[in-house]
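Enquirer: I would like the atomic coordinates for the input below:
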Amino acid sequence: MRCAAFALLLVVTPAAQAQPVAPAGAPTAPRTQSAQSDDPRLVPAQGALATGDFAQAIESLKPLAAEGVVQAQFLLALSLERAPAPLGNMGEAHTWYLKAATQGLAAAQNNLGAMFFDGRGAPADPALAAHWYRAAAEQNFVVAQYNLALLYGSGKGIAKDVKQMAFWMERAATAGLPVAQALVGEFYLQGVGVSANAFTAARWFQVAAERNQPGAQYYLGLMLQKGIGMERNFTASHGWLRRAAEAGNRNAMAELAKVYELGLGVPSDDAEAKRWNELATAGQKK
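Expert: The predicted structure follows:
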């Protein structure tokens, strides 16, 4: 088996309440983590952002950001990054993220790392991306821990080190990031950066599967089917494989076709086997 590819995560404003997004071909992954603030002066801007009124948000945030209010600097950077033309300005967004990051705001450090990694608002610099991800990760900022782990795994901007990759990914997983939990399950299953341990892998897959990670549901279904790291249970295996398949996981679709063909945990059903096999081949969702 090989580990799935995942996208770097970007923090967005808590008011937006957006959900994480993954690249094509990767399991669904979160793309947000809240950067909370109780400052009443930010309420108008947060309300404007919640409704997509970037002009109002930018207008209300600029004076506060200029005063050095770190959360205002972060939200202003976020607004300038996300706003459509002509309001949006990546260079200015980068500048305000840097100001907030220099003041120690972990959310800004993470997003600044993303801008350096992508080359948005400044020339791409993976080493600076790694620097800012680490700064946020060491403050226990979960999204940054995940992103730093990915850099250790790819060797971009930092020396490749699968043990450090596994270390930071497991910290993100322990903090509750579902996509990290799924990936840590794969690490333990395959012995990547950690000693292989099927029981630990099964535990992480179970946690991530219950939080609707299709890749984890697929692996959990396989482990239940084969009795790896847990007691064999064909009925439970079918249930998890079906959930993963219905979520669009093509590997699960192919495996589910075999389940119906062989009658593993369900009555044999040639029609269902054919249907899921065709869906797997076509890469379509149910």
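
Enquirer: now residue 211. Its backbone dihedrals?
Expert: Dihedral pair for residue 211: phi -110, psi 20, per degrees, to the nearest 10.

Enquirer: number of nearby residues for residue 39?
Expert: Using other C-beta atoms under 10 Å, residue 39 has 13 neighbouring residues. All C-beta spots, glycine's among them, are computed from the backbone N, C-alpha and C.

Enquirer: make sure it is actually in contact with residue 69.
Expert: Yes: if you go by C-beta atoms under 8 Å, residue 39 and residue 69 touch, sitting 7.0 Å apart.

Enquirer: what are the ranges of the helices in the stretch 101-250 of the chain?
Expert: 106-118, 126-137, 142-154, 162-174, 178-190, 198-209, 214-226, 234-246, 250-262 (DSSP state H, counting those that start in this stretch).

Enquirer: and the first one, what's buried?
Expert: Within helix 106-118, the residues that qualify as buried by neighbour count (16 or more other C-beta atoms under 10 Å) are 106, 107, 108, 109, 110, 111, 112, 113, 114, 115, 116, 117.

Enquirer: how about the second one?
Expert: For helix 126-137, the neighbour count (16+ other C-beta under 10 Å) marks 126, 128, 129, 130, 131, 132, 133, 134, 135, 136, 137 as buried.

Enquirer: one more: the fourth one?
Expert: Of the residues in helix 162-174, those buried under the neighbour-count criterion (16+ other C-beta under 10 Å) are 162, 164, 165, 166, 167, 168, 169, 170, 171, 172, 173.

Enquirer: next up, the contacts around residue 157.
Expert: The contact partners of residue 157, taken as C-beta atoms under 8 Å, 6 or more residues apart in numbering, are 117, 125, 126, 127, 128, 129, 130, 151.

Enquirer: how confident was the prediction at it?
Expert: Per-residue pLDDT puts residue 157 at 95.

Enquirer: where does this structure dip in pLDDT?
Expert: For the chain, applying pLDDT under 70 flags the ranges 1-37, 283-286.

Enquirer: let's see that with 90 instead.
Expert: 1-39, 283-286 (pLDDT under 90).

Enquirer: surely residue 280 and residue 257 touch.
Expert: Yes: Residue 280 is within contact range of residue 257, at 6.3 Å (criterion: C-beta under 8 Å).

Enquirer: who has more neighbours out of the two?
Expert: Taking neighbours as other C-beta under 10 Å, residue 280 and residue 257 compare with residue 257 leading, 22 against 19.

Enquirer: fine by me, thanks again.
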